[in-house]
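Asks: okay, predicted coordinates and the sequence, questions at the end:
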Amino acid sequence: SSWCEISVPKIAGNLLSTLKRMPDNTQLCAVVKSDAYGHGIENVVPLLMEQNIGYIGISSNAEARAVRNAGFAGRLLRLRTATPQEIKSALGDRIEEMFGGPAAVRSLIETLGQEALPKLHVSLNAGGMSRDGLELSTARGRAGFFEILELVPDQIVGLCTHFPSNEPVELAESIQRFHDDQAWIFSNSDLRRQDILVHAGSTLTLYSGQDPKADMMRCGAILYGIAGPRPDFQSALALKSRVVS
């Protein structure tokens with residue numbers, strides 16, 4: 001006697017509003033984890049393809065398979081550190097993986113071998129988040145980065161972070177910290193800025209109006225109207241029930 005209704009036109013409208021709010025020269029990674037926040041990956045992926053979205057963020061292998069089954073041939077990014085077994089099981093779906101330390105990379109090499117490694121994004125700790133992020137403010141963290149470079153010199157395609165706070169002052173400090181970390185990396189390695197995708201931020205970062213000056217921002221909740229100013233963003237899910245008494 002109760003059900004959810006999903007409005008695909010509202011998701012489409014939210015997507016267009018999101019693209020309009022993106023900073024200049026910044027692409028969108030559309031996040032569809034948790035079955036597109038409960039809205040159905042199969043409902044969302046065609047809308048993303050219509051707008052030529054090149055990156056989709058997922059969490060699980062099942063989500064990656066659902067995105068591929070919906071016809072998406074672009075780039076998939078897993079938004080957490082996966083186990084080597086998970087990664088091995090999803091090689092056919094061409095998922096780019098996120099790592100924040102050399103131990104996980106060594107485990108992956110032991111499982112897959114050097115030749116089968118996916119593309120990798122190095123996660124950095126932006127001042128307190130510590131979401132599997134490498135802490136470059138310490139000698140141990142810097143040594144860890146050099147070890148990752150030695151282990152996988154050709155697989156690193158991205159640098160990323162997730163900000164611990166979206167309060168104006170704290171967010172500004174985290175953005176500066178992220179850029180300082182990038183500057184150190186490009187000054188102390190053979191990685192070239194033009195070859196590396198730098199991505200940071202979330203729905204709340206976009207909503208804050210501050211520009212992280214990244215190549216890409218990863219946003220999910222705003223696409224479904226869970227967050228975002230009205231009337232530009234509308235909730236795409238309605239819970240309904242029949243009155244029985």
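Replies: Cool, the structure landed. Numbering: from 1, shown residues only.
Asks: so where do the strands sit in this protein?
Replies: With DSSP state E as the criterion, the chain has strands at 2-6, 27-31, 55-58, 75-78, 95-99, 120-123, 156-161, 197-200, 216-219, 237-241.
Asks: out of those, nearest to residue 206?
Replies: strand 216-219 (5.6 Å; CB to CB). All C-beta spots, glycine's among them, are computed from the backbone N, C-alpha and C.
Asks: how about that closest one as PDB, C-alpha atoms only?
Replies: Output of strand 216-219 as PDB, limited to C-alpha atoms (Å, rounded to 0.1, in the frame of the first residue of the first chain):
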ATOM      1  CA  MET A 216      36.700  17.600 -11.900                       C
ATOM      2  CA  MET A 217      34.200  17.600  -9.000                       C
ATOM      3  CA  ARG A 218      32.400  14.500  -7.800                       C
ATOM      4  CA  CYS A 219      28.700  15.300  -7.100                       C
END
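Asks: for that strand, name the packing helices and strands.
Replies: Helices and strands touching strand 216-219, by 3 or more CB pairs under 8 Å, 6 or more residues apart in numbering; DSSP states H and E, are strand 27-31, strand 197-200, helix 203-208.
Asks: what comes up buried for the longest helix anywhere in the chain?
Replies: Looking across the chain with DSSP state H, the single longest helix is helix 168-187. The neighbour-count check on helix 168-187 (16 or more other CB atoms under 10 Å) flags 171, 173, 174, 175, 177, 178, 181, 182, 185 as buried.
Asks: next one: stretch 27-37
Replies: For stretch 27-37, burial by neighbour count (16+ other CB under 10 Å) applies to 27, 28, 29, 30, 31, 32, 33, 35, 36, 37.
Asks: determine which two of these are furthest apart.
Replies: By the measure CB to CB, 27 and 35 form the most distant pair in the buried residues of stretch 27-37, at 23.4 Å.
Asks: adding distance to residue 147, write the helices and strands packed on strand 216-219 out as TSV.
Replies: Listed next are those as TSV, based on distance: least, CB to CB, whole Å:
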stretch	distance to residue 147
strand 27-31	27
strand 197-200	21
helix 203-208	30
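Asks: now distance to residue 105 and mean pLDDT too, for these, in CSV please.
Replies: Output for these, formatted as CSV (distance: least, CB to CB, whole Å; pLDDT from 0 to 100):
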stretch, distance to residue 105, mean pLDDT
strand 27-31, 22, 98
strand 197-200, 18, 97
helix 203-208, 27, 94
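Asks: so which of those is nearest residue 110?
Replies: For the helices and strands packed on strand 216-219, the distance to residue 110 is smallest for strand 197-200, at 26.5 Å, taking CB to CB.
Asks: so how far is that closest one off the chain centroid?
Replies: Offset of strand 197-200 from its chain centre (CA atoms, centre = their mean, to the nearest Å): 9 Å.
Asks: same question for stretch 29-38.
Replies: Its chain's average C-alpha position is 10 Å from that of stretch 29-38, according to CA atoms, centre = their mean.
Asks: end to end, how far does that stretch reach?
Replies: With CA to CA, to the nearest Å as the measure, stretch 29-38 spans 18 Å from end to end.
Asks: residue ranges with poor pLDDT in this structure?
Replies: Applying pLDDT under 70 to the chain picks out residues 128-131.
Asks: between the helices and strands packed on strand 216-219, which one is nearest to residue 220?
Replies: Closest to residue 220 of the helices and strands packed on strand 216-219, according to CB to CB: strand 27-31, at 3.1 Å.
Asks: what helices or strands is the closest one leaning on?
Replies: helix 8-21, strand 55-58, strand 216-219.
Asks: what's the angle from that strand to strand 156-161?
Replies: With axes from the mean of the first three to the mean of the last three CA atoms, to 10 degrees applied, the angle from strand 27-31 to strand 156-161 works out at 80 degrees.
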